[in-house]
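need coordinates for the below:
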Amino acid sequence: MENILLVINIILAAILVILVLLQKSEGGALGIGVSQDNFMFSRTAGNFMTKATAIIATLFIICSLLLTILSREEINPSSSVLDKIEQNSDETPELPEN
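Numbers count the residues shown, from 1 in each chain. You can find the predicted model right below:
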């Protein structure tokens, strides 16, 4: 299951990169300097590429979260780094006497 999600995640990432690179550069730094009226009613708000990018990005985030959840189940929470350090400090060798 994890391998299938990983392959899907890689494919979604590649599609997302391609979609972002194919979009027309509109400037304005993500809408900065554009009034809300113009932004809401502009003809590019309903653009297919914009909607496709949003959908693929949402699927990519969901797939990444699922991969994280699946990988967390395999981690053994009973061991701690601090416990390992304390165990190693007890086993330090003593200096020989001269």
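
do a quick rundown of the helices in the chain.
2-22, 36-40, 48-72, 81-90 (DSSP state H).

got the buried residues for the third one?
Put plainly, it is helix 48-72. For helix 48-72, the neighbour count (16 or more other C-beta atoms under 10 Å) marks T53, I56, A57, F60, C63, L67 as buried. Backbone N, C-alpha and C define where each C-beta goes, glycine included.

I'd say the fifth one and V7 touch.
No. Applying C-beta atoms under 8 Å, one finds C63 not in contact with V7, separated by 10.0 Å.

one step back: among the helices of the chain, which is nearest E97?
Minimum separation from E97 across those (C-beta to C-beta) falls at helix 81-90, 20.8 Å.

pLDDT weak spots in the chain?
Residues of the chain meeting the criterion pLDDT under 70: 25-46, 74-93.

if you set the cut-off to 90 instead, what comes out?
Residue ranges of the chain with pLDDT under 90: 1-3, 19-51, 69-98.

nearest to P96, of the helices of the chain?
helix 81-90 (19.1 Å).

report how many residues lie close to L95.
Using other C-beta atoms under 10 Å, L95 has 6 other residues around it.

residues in contact with stretch 3-21?
M49, A52, T53, I56, A57, L59, F60, C63, S64, L66, L67, L70 (C-beta atoms under 8 Å, 6 or more residues apart in numbering).

biggest separation within those residues, which pair?
Counting by C-beta to C-beta, the most remote pair of the contacts of stretch 3-21 is M49 and L70, 31.3 Å apart.

good, we can wrap up now.
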